[in-house]
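# Model the structure of this input:
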Amino acid sequence: MSNSLTAHRSGGLGLAAIALAAFLWSVAAIVASNLFRSGVTPVQLATARATIAVIGLAVLTWRGQKLKWDTRSIGLGISLAMVTFTYYVAIDRLSVAIALVIQYTAPAIVVLTSALRKQKLPDLTMLIAAGIALLGVALVSGVGAGELKLDTLGLIAAVLSAIFFAGYTLFSEAMVHDYGAIGVMFRGFLISSLFWLGVQFSQGIPEAVFQPSNLPGILFTGIGGTLIPFCLLCWGIQQVSVERGTIAATLEPVIAAILAWLLLGQTLTVLQILGSGLILAAVTSLQIQQSHQQSFDRS
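Numbers count the residues shown, from 1 in each chain. Sure thing, here's the model as predicted:
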């Protein structure tokens, strides 16, 4: 009985951790938007956030012992680096709405991949929740509210961003029991930061990053918008299944829309409000299903 109650609480805390991560990512998106207007480029910000994150993770993980590595670390790091790059390419060549919708097909990719790996059909409730969440993201993003400019390279980049997002999530789940949440993130961000530093080196010194007026935003993006939320996501996935964790992460566009309304004066349409409700309903249904399953197991 106590074990079941503990598992239930851990599942709730896991989803709460992922929701908090989504909130921090949403705040970081607004901060990043201001930094871009101040002259910081996407590559510069991606390099800075990855570098700050890996330094912070090194402090948290360093115990004087030799770190163990495996090929999964490379997959995690490349996925982490490329999901940002491909998303930036997508939003540069497509409308943000369609790029975001395509990227957030990642939950569906995770569900299908997990089903294939386990050689069984996905749970019907989980499939329904994934579909509702994707529909909600589409409505929040404003698809159908205006004309969409399609571009072949942009569409390819958007699809790749969804694949890399799903890959990052799956690699995290596969590694978290061996290295822990912080250990997984350290390996991922170390490889990601080396990748971005190589890109930045070819473009020269990022002077805008070191401007005093931009430093607070840069630091928040690296710590509050990267280091902390990614650790929360990784820990949250450890408490719940990867499918539930990834679907819960779709709270990010909902929170971003609300913050944009509160802080930037961007109003929500009726469809966007409806989409927000659908995403919340999908996340809630996952927790309800988890509670019912645990009750069934106890009986």
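# List the buried residues in stretch 37-47.
40-47 (16 or more other Cβ atoms under 10 Å). For the C-beta atoms, the positions are set from N, CA and C on the backbone; glycine is no exception.
# Touching, Leu155 and Ile102? I think so.
Yes - the pair Leu155 / Ile102 is scored as a contact, 7.4 Å apart, by Cβ atoms under 8 Å.
# ok, those two, which is more surrounded?
Shown here are Leu155 and Ile102; by other Cβ atoms under 10 Å, Ile102 has more neighbours (23 against 16).
# Pull the number of nearby residues for the residue lying closest to that one once chain neighbours are set aside.
Nearest residue to Ile102, sequence neighbours excluded (Cβ to Cβ, 6 or more residues apart in numbering): Ala158, at 3.8 Å. Ala158 has 25 neighbouring residues, counting by other Cβ under 10 Å.
# Which parts of the stretch 101-250 of the chain are strands?
Under the criterion DSSP state E, counting those that start in this stretch, the stretch 101-250 of the chain contains no strands.
# Quick check, pLDDT for Val176.
If you check Val176, the pLDDT there is 78.
# if we can go back for a sec, okay, and the common contacts of Leu155 and Ile102?
Ala90 (Cβ atoms under 8 Å, 6 or more residues apart in numbering).
# Which of the buried residues of stretch 37-47 sits closest to Val83?
Ala46 (10.4 Å; Cβ to Cβ).
# got a list of what the closest one touches?
84-85, 88, 196.
# do the same with Val31
With the criterion set at Cβ under 8 Å, 6+ apart, Val31 makes contact with 217, 220-221, 225.
# Show me which positions of the helix or strand containing Gly75 end up buried.
Following DSSP states H and E, one finds Gly75 within helix 71-93. Across helix 71-93, burial judged by 16+ other Cβ under 10 Å covers 72-73, 75-91, 93.
# Low-confidence ranges, the stretch 151-299 of the chain, go.
The model of the stretch 151-299 of the chain has pLDDT under 70 over residues 241-250, 264, 266-268, 280, 283-284, 286-299.
# Many thanks, I have nothing further to ask.
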